[in-house]
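Enquirer: next come a sequence and a model predicted from it.
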Amino acid sequence: MNSSPIPESDLLKQILEPLLEDFRYWFERSQDLLEREKLEFMSEVEQSTLLQKVRNAQQEVNSATSLFNLTGQQVGIDVQAMMPWHSLLMECQAVGMRYRQTKQT
């Protein structure tokens, strides 16, 4: 069995690339929902504020992705920098679930 360690750059690519892609995908879906629908369970201000947070996070993720790609996948992203994205993603997921629940009734 081959027990040689994975080079750091390969490990970054295997982990970070799909993670960034997930953030981009889910923020895009959230943006679409927030722009397309009037969410009855949120005020206009709450919905607009959440949409702006999503747009800002998208710009940050896109910048991080560009930096990652421009360095040939040689640079990582601090976990502390990703924590706000994760929190926002969880907030968007809760909004999406609530939206689907209101559409079922």
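Expert: Structure's in. What do you need?

Enquirer: in this protein, where is pLDDT below threshold?
Expert: Residue ranges of the chain with pLDDT under 70: 1-9.

Enquirer: the strands in the chain, which residues?
Expert: With strands called from DSSP state E, the chain shows none.

Enquirer: so what's residue 29 up against?
Expert: Shown in contact with residue 29 (Cβ atoms under 8 Å, 6 or more residues apart in numbering): residue 96. For every residue, glycine as well, the C-beta is placed using N, CA and C.

Enquirer: ok, residue 31 next?
Expert: Contacts of residue 31 (Cβ under 8 Å, 6+ apart): 51, 54-55, 58.

Enquirer: possible to save those residues as JSON lines with distance to residue 45?
Expert: As requested, those are exported to JSON lines (distance: Cβ to Cβ, whole Å):
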{"residue": "51", "distance to residue 45": "11"}
{"residue": "54", "distance to residue 45": "15"}
{"residue": "55", "distance to residue 45": "16"}
{"residue": "58", "distance to residue 45": "20"}
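
Enquirer: considering the residues you listed, which possesses the most neighbours?
Expert: Ranked by neighbour count (other Cβ atoms under 10 Å), the contacts of residue 31 have residue 54 at the top, with 24 neighbours.

Enquirer: surely that one is in contact with residue 88?
Expert: Yes: at 6.8 Å, residue 54 counts as touching residue 88 under the criterion of Cβ atoms under 8 Å.

Enquirer: any common contacting residues for these two?
Expert: In contact with both residue 54 and residue 88: residue 27, using Cβ under 8 Å, 6+ apart.
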